[in-house]
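A.B. asks: Sequence plus the predicted model coming up.
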Amino acid sequence: MYGLTKGQFSATARFRPGAKYAGVNELPPIDICLEALAADASFVARSFAGDSKQVRELLKAAFSHRGTAVLDIISPCVTFNNHESSTKSYPYGKVHEEPLQDITYIPEFDPIVLEEAQPGEVQTVEMHDGST
């Protein structure tokens with residue numbers, strides 16, 4: 001995880017934008033998710049800090065994943081990009097956020113194994129949450 005302050009460019013900043021103190025970015029941006037896929041990470045996701053429910057579910061999934069997990073959370077700077085014309089502001093991200101799907105984390109459980117039943121026989125099956 002990393003974060004920057006004072007308006008300097010990050011590795012993901014757009015190519016050639018101007019900044020108040022940092023001048024012009026002369027380097028192409030790095031797409032963190034694309035790099036993770038190229039490196040064969042087996043869990044790759046991106047979310048927006050303004051969608052706390054989605055971020056929470058993705059964090060649970062990433063932490064429980066058995067393998068390399070990369071989670072890119074877009075978190076706009078509310079100090080230097082907090083003006084109406086900025087496409088990097090928190091309000092812009094909130095207005096233009098388009099979740100692709102509702103993400104709910106489902107933890108992994110051991111399979112429920114049942115004994116073979118005869119036709120017409122009823123079995124009570126205990127679920128992982130204790131219900132039957």
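C.D. replies: Looks like it arrived, so ask away. Numbering: from 1, shown residues only.
A.B. asks: what about the strands in the chain?
C.D. replies: In the chain, the strands defined using DSSP state E lie at 18-19, 23-24, 43-48, 69-74.
A.B. asks: Out of the ones you listed, which is closest to residue 128?
C.D. replies: Nearest to residue 128, of all the strands of the chain, is strand 43-48, at 22.3 Å by C-beta to C-beta. Quick note: C-beta positions are derived from backbone N, CA and C, even for glycine.
A.B. asks: if we can go back for a sec, wait, which of the strands of the chain is closest to residue 132?
C.D. replies: strand 43-48 (33.2 Å).
A.B. asks: what's the closest one packed up against?
C.D. replies: Judged by 3 or more C-beta pairs under 8 Å, 6 or more residues apart in numbering; DSSP states H and E, strand 43-48 is in contact with helix 32-38, helix 52-64, strand 69-74.
A.B. asks: quick check: angle from the longest one to strand 43-48?
C.D. replies: Translated: helix 52-64. Here helix 52-64 runs at an angle of 160 degrees relative to strand 43-48 (axes from the mean of the first three to the mean of the last three C-alpha atoms, to 10 degrees).
A.B. asks: cool, and the last one?
C.D. replies: Counting by the same axes, to 10 degrees, strand 69-74 lies at 10 degrees to strand 43-48.
A.B. asks: How far off centre is strand 69-74?
C.D. replies: On the basis of C-alpha atoms, centre = their mean, to the nearest Å, strand 69-74 sits 5 Å off its chain's mean C-alpha point.
A.B. asks: Give the partner strands of it in its sheet and their orientations.
C.D. replies: As defined by DSSP bridges, the strand partners of strand 69-74 come to strand 43-48 (parallel).
A.B. asks: buried stuff in the partner strand?
C.D. replies: Using 16 or more other C-beta atoms under 10 Å as the test for burial, strand 43-48 gives 43, 44, 45, 47, 48.
A.B. asks: Adding pLDDT and distance to residue 107, write these out as CSV.
C.D. replies: Output for the buried residues of strand 43-48, formatted as CSV (pLDDT from 0 to 100; distance: C-beta to C-beta, whole Å):
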residue, pLDDT, distance to residue 107
43, 95, 14
44, 96, 20
45, 93, 17
47, 88, 19
48, 85, 24
